[in-house]
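Chemist: model the structure of this input:
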Amino acid sequence: MQTIIEKIIYPGKSLSRQDGKVVLVDAGIPGETVEIQIDREKKNYCEASLLNVIQASAHRATPRCSHYKVCSPYQYIQYPRQVEIKKEQLEEMFLHALKKELPPILMRPSPLAWEYRNKIRLQVIHKDGKAAAAYHIPGSHNKFMPVDNCRLVSAQVNSLIGYFLEELDKQKIRDINEFIIRENPDTAEMLLLCYGSGRKPPLSLSELKEKALLTGIIYVNKQTNAQICISGKNEITQQVREATFSYGAESFFQVNLKTLELLIEDIQDIAAFSDGQKLADLYCGVGTFAILFAPFVREVNAVEAAPENMFYLKKNMRDNSRRNIALRQGSCEQWIGKLLKETPDIIIADPPRSGLNNQIISELCRNPAGNLIYISCNPATLVRDLKPLLNTYTITHIYAYDFFPQTPHIETMVSLKSK
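Modeler: So this is what the prediction gives:
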């Protein structure tokens, strides 16, 4: 069956129509004529697979990774067009959900379209008796796509993956089935975290330090979740502007540091911090925003629930001599009412993909802060949350950041002022 792709909708399906019915195809660039196969018939739409491109878009590109469909499915689209598509998706989602005139969306492309990730998480599978790195095929727990060379991470990370798999074969280690590599791209230092089921850690993996610039090798027993440091230390450090951050292999830290710099710059411009202000940083992780912005305000209340993040938040405060940050250990739901009673001037909220829950939104509307900066990694939950917030706040700025080139993911920052 032939069809013409109209647009790509979030999170990444290509939309066409047949006999007035919407067809969602797994790939295809707007304007292309393609041959498709209908896979599933739904009540209001069909799901289809791309079989052949009959008339290709001028924006079509050759993917650089053989496994791109499982980790970076926009690789077949030239990068400038990817950015345009993401902006178009956001504009449509905001208009559809909020139905009002809004400030224009300012799109921030990533300074790096390739080799931008400072973290990768892969499975270990065995093919023909040899260890191989792989991604889960989306929607499956037991099907895998082998990874030979990932162009989203640096050459040194790819080299470490190769050395690691060689050691697993050489030492006949079979119980490690997953691993994480984190990298400081400025110094090329790396941290390796291995997950396995063995009672004893494979201490012989310390030999990897002779082949790569490893700051540490850690083993995690999947049954007990106990971390055992095989070699070096269980953390990595990263300079962001004038601050130094330490974080563990399982801590949250932005994977695209060049785009993080753009976000930090925009927050500073919008917030216009002054030394008399009070800032609340919700879901603050290891303290990126709290520590960077603390010198410009009177005090910061930093809220974080995860124990590992809190450990590094305290360490980062000490290492950067930040004495005006008050730690609030626990959930944002637990702390939001108390924080708002202290009348913060600015709130930065960077929640997980699930967004803000009803309790937090209700508190933010009942006791509004002067300026609310909402950073979202999921535009669907963002526009959902903005609906009730706009009863109390007005949107002043909307920025979109391409933290994840070659993928459908979009990060958005919305600045709101209380009415």
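Chemist: can you give me the strands in the stretch 151-300 of the chain?
Modeler: Assigned by DSSP state E, counting those that start in this stretch, the stretch 151-300 of the chain shows strands spanning 176-184, 189-196, 214-221, 227-232, 235-240, 243-248, 278-282, 299-304.
Chemist: which secondary structure elements does the third one contact?
Modeler: If I follow you right, that is strand 214-221. In terms of contacts (3 or more C-beta pairs under 8 Å, 6 or more residues apart in numbering; DSSP states H and E), strand 214-221 is packed against strand 189-196, strand 227-232, strand 235-240. All C-beta spots, glycine's among them, are computed from the backbone N, C-alpha and C.
Chemist: what does the fifth one give?
Modeler: Strand 235-240 sits against strand 176-184, strand 189-196, strand 214-221, strand 243-248, helix 257-271, with contacts defined as 3+ C-beta pairs under 8 Å, 6+ apart.
Chemist: how distant is it from the center of its chain?
Modeler: Relative to its parent chain, strand 235-240 has a centroid offset of 17 Å by C-alpha atoms, centre = their mean, to the nearest Å.
Chemist: and the contacts of that strand?
Modeler: 118, 182-184, 186, 189-191, 215-216, 244-249, 253, 257, 260-261, 264, 288, 292, 312 (C-beta atoms under 8 Å, 6 or more residues apart in numbering).
Chemist: next: the shortest one.
Modeler: Taking C-beta under 8 Å, 6+ apart as the criterion, the residues outside strand 278-282 that touch it are 273, 287, 289-290, 293-294, 297-303, 332, 336, 339, 342-351, 360, 369.
Chemist: just the buried members of those residues?
Modeler: Neighbour-count burial (16 or more other C-beta atoms under 10 Å) applied to those gives 273, 287, 289-290, 293-294, 297, 299-303, 332, 336, 339, 344-351, 360, 369.
Chemist: remind me, longest strand of the chain?
Modeler: Secondary structure of the chain read by DSSP state E shows that its longest strand is strand 45-55.
Chemist: can you tell me the element residue 398 falls in?
Modeler: Using DSSP states H and E, the element containing residue 398 is strand 393-401.
Chemist: you'd agree residue 229 is up against residue 218?
Modeler: Yes. With contacts defined as C-beta atoms under 8 Å, residue 229 counts as touching residue 218 at a distance of 5.5 Å.
Chemist: who has more neighbours, these two?
Modeler: In this view residue 229 and residue 218 are compared by other C-beta atoms under 10 Å, and residue 218 has more residues nearby, 25 against 13.
Chemist: and the more buried one, how far from residue 190?
Modeler: 12 Å (C-beta to C-beta, to the nearest Å).
Chemist: what does residue 105 give?
Modeler: Distance, residue 105 to residue 190, using C-beta to C-beta: 36 Å.
Chemist: which residues touch the spatially closest residue to residue 331 that is not a sequence neighbour?
Modeler: The shortest distance from residue 331 to any residue other than its chain neighbours is 4.8 Å, reached at residue 305 (C-beta to C-beta, 6 or more residues apart in numbering). Going by C-beta under 8 Å, 6+ apart, residue 305 touches 329-332.
Chemist: got it, and residue 330?
Modeler: With contact set as C-beta under 8 Å, 6+ apart, residue 330 has these partners: 303, 305.
Chemist: looking at stretch 242-262 now, give me its mean pLDDT.
Modeler: Averaged across stretch 242-262, the pLDDT comes to 95.
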